[in-house]
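Student: Just need the structure, nothing else, for what follows:
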Amino acid sequence: MRSPSAARGEAVRQRLLAAAAELIPERGWTAVSTRVLAERAGVTPSVVHYHFSSVQAVLVEAVLGAMRAVAGELGPALGAAATADEVVDAMVTAVEQYTGTDPMSLLFVEGYLAATRDDTLRAGIAAVLADLKSVIGARFRQCGVADPEGTAAVLGAAIDGLVMHRAVAPDDAPAGAAAVLRRLV
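Tutor: Predicted structure coming up:
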């Protein structure tokens, strides 16, 4: 059984992570300071450093947690897919809610950009992508797709790219993206 103080500490930690996940898309990675983060979470700045070694550590954990959650939501949809076309459709459907300018899209874009300068974040994102590629690849293997892991990696990158392009050219988003991707698979 957890002590009340441990439960309170975990609640504060979760508030800090949630605040970071809100602030990154709002302000950009580099504009999230200890003071801003503490204020959003409703704690004093010293509490941030009690729970995390740095603001960077909070941001990394917040982004990786969000990425794991989104990737985890894809599993059930893929489990229901019986064909490679249905796998593609499930993936496209899963990202339809992301406009490229919504908070989650911006959180991911900021995370990808920050990963170019942070080895820990880069490794964490690579692990999330590898796990996702493994899940998608397993479904493609069951569907008889040649090079299932390679196909999963390219499909995942293509879908990420489609979401990112929506941010800068929303009118150019191909309505038939799923049909094009199905032909590629």
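
Student: how close does residue 156 sit to residue 137?
Tutor: Using Cβ to Cβ, to the nearest Å, we find residue 156 at a distance of 10 Å from residue 137. Quick note: C-beta positions are derived from backbone N, CA and C, even for glycine.

Student: One more: residue 164?
Tutor: 23 Å.

Student: can you check residue 85 too?
Tutor: 16 Å.

Student: Compare those two (neighbour count), which wins?
Tutor: Just comparing residue 85 and residue 137: by other Cβ atoms under 10 Å the higher neighbour count belongs to residue 137, 21 against 16.

Student: residues contacting that one?
Tutor: 148-149, 151-152 (Cβ atoms under 8 Å, 6 or more residues apart in numbering).

Student: Same check on residue 125?
Tutor: The contact partners of residue 125, by Cβ under 8 Å, 6+ apart, come to 63-64, 67, 111-112, 115.

Student: Grab the two from those residues that are most spread out in space.
Tutor: 64 and 112 (11.9 Å; Cβ to Cβ).

Student: For those two, indicate the residue with more neighbours.
Tutor: The neighbour count for residue 64 versus residue 112, taken as other Cβ under 10 Å, is higher for residue 64 (20 against 16).

Student: Tell me how many other residues crowd the closest residue to the more buried one other than its chain neighbours.
Tutor: Distances taken as Cβ to Cβ, 6 or more residues apart in numbering put residue 124 closest to residue 64, at 4.4 Å, once the chain neighbours are dropped. By other Cβ under 10 Å, the residues close to residue 124 number 20.
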